[in-house]
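Engineer: What would the 3D arrangement of this be:
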Amino acid sequence: MSHLLDRATLLTMTSAFIVALLCILPGTRGQFPVAIIAAGLHIGDALFHEMGHTVFAWLFGRPAIPMIFTLFGADQAGGMTLQWNYSWPVQVAAFAVLAYACYRAREDMPVLFLPAIVFSLFIVLVAVTGYAKLVIAFMGHGSSILVGGFLLFRAWIYLDSRSAYERWLNALFGFFLTLYNLSFSYGLAFKGDAQDYSEHVAFGIAHNDFMVMATLVPGWSVHGIGIFTVLYAAFSMIGSLVAAIYLRSDFREM
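Structural biologist: Numbering: from 1, shown residues only. Okay, the predicted model is just below:
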């Protein structure tokens with residue numbers, strides 16, 4: 001633990017956390033030069049958000065293409081994902097890719113074999129139980145948070161970074177992706193933002209992600225999904241440090 005939290009690591013993580021926070025807080029995110037950094041971070045969040053929808057759509061047999069509009073300020077949303085109808089050949093191909101990924105993990109990265117198996121079984125279970133649309137809708141914000149947690153993990157153990165600057169950027173994007181989505185979800189859950197969010201129709205053609213989820217499951221609400229996402233983001237941040245503590249030796253030996 002002491003080796004993990006050395007002076008360089010603490011300085012990197014603390015400074016990145018502060019900059020990410022400045023890019024999120026209403027009083028500072030619009031001020032120069034923070035606004036420039038925040039704009040770049042928001043574009044990154046939109047990219048991972050739409051890629052999350054896209055990847056999970058393909059995993060559930062639905063061809064999809066991500067579209068990012070953040071640069072143009074076209075709407076309150078940063079982008080959207082164009083999806084086609086379910087295709088069983090695509091689903092079979094997705095299952096084959098997951099099986100191959102599990103095989104490669106067992107052969108080349110044993111530490112990832114069990115997570116790969118668990119993830120693959122999760123995808124199969126969701127696909128056969130009919131909850132694919134629910135997971136696809138959540139994994140916009142969900143994927144941004146997961147990527148944020150992974151980048152934080154990389155920063156904690158200095159994984160595969162070519163310089164201290166790259167490590168700091170991992171930490172900055174990691175903190176922003178997790179904290180921004182946590183802050184957004186907190187507003188929906190506890191600050192009364194859920195009503196405006198629920199009524200907004202992105203680009204005039206589609207409801208926002210959490211509203212889509214709420215319409216798919218009776219009894220679910222944007223407020224409740226917001227609470228879950230707050231916990232999910234907090235778990236991702238804390239989990240990145242816990243994983244770094246327990247797995248740093250495995251990754252350094254590879």
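Engineer: Could you report the neighbour count for Q83?
Structural biologist: Residues lying near Q83 (other C-beta atoms under 10 Å) number 17. Every C-beta, even on glycine, is put in place using the N, C-alpha and C of the backbone.
Engineer: need the contact list for it.
Structural biologist: 53, 57, 62-64, 136 (C-beta atoms under 8 Å, 6 or more residues apart in numbering).
Engineer: Buried by neighbour count, from these: which ones?
Structural biologist: 53, 57, 62, 64, 136 (16 or more other C-beta atoms under 10 Å).
Engineer: So the third one sits against I136, correct?
Structural biologist: Yes - applying C-beta atoms under 8 Å as the test, R62 and I136 come out as touching, 7.3 Å apart.
Engineer: mind listing the strands in the stretch 101-250 of the chain by residue range?
Structural biologist: Assigned by DSSP state E, counting those that start in this stretch, the stretch 101-250 of the chain shows strands spanning 201-202, 206-207.
Engineer: among those, where is the model least confident on average?
Structural biologist: In terms of average pLDDT, strand 201-202 trails the rest of the strands of the stretch 101-250 of the chain, at a mean of 62.
Engineer: G140: what's it in contact with?
Structural biologist: 49-50, 52-53, 81, 209.
Engineer: Figure out the helix or strand that the closest residue to it other than its chain neighbours lives in.
Structural biologist: Leaving aside its sequence neighbours, G140 sits nearest to H49 (C-beta to C-beta, 6 or more residues apart in numbering; 4.4 Å). Assessed by DSSP states H and E, H49 sits inside helix 34-59.
Engineer: burial of Y246, as a residue count?
Structural biologist: 9.
Engineer: Now do it, the pLDDT please.
Structural biologist: 81.
Engineer: what about it, distance to Y158?
Structural biologist: Going from Y246 to Y158 by C-beta to C-beta, to the nearest Å gives 16 Å.
Engineer: Could you identify the pair within the buried ones among the contacts of Q83 that is furthest apart?
Structural biologist: Spatially, the most separated pair among the buried ones among the contacts of Q83 is H53 and R62, at 9.9 Å (C-beta to C-beta).
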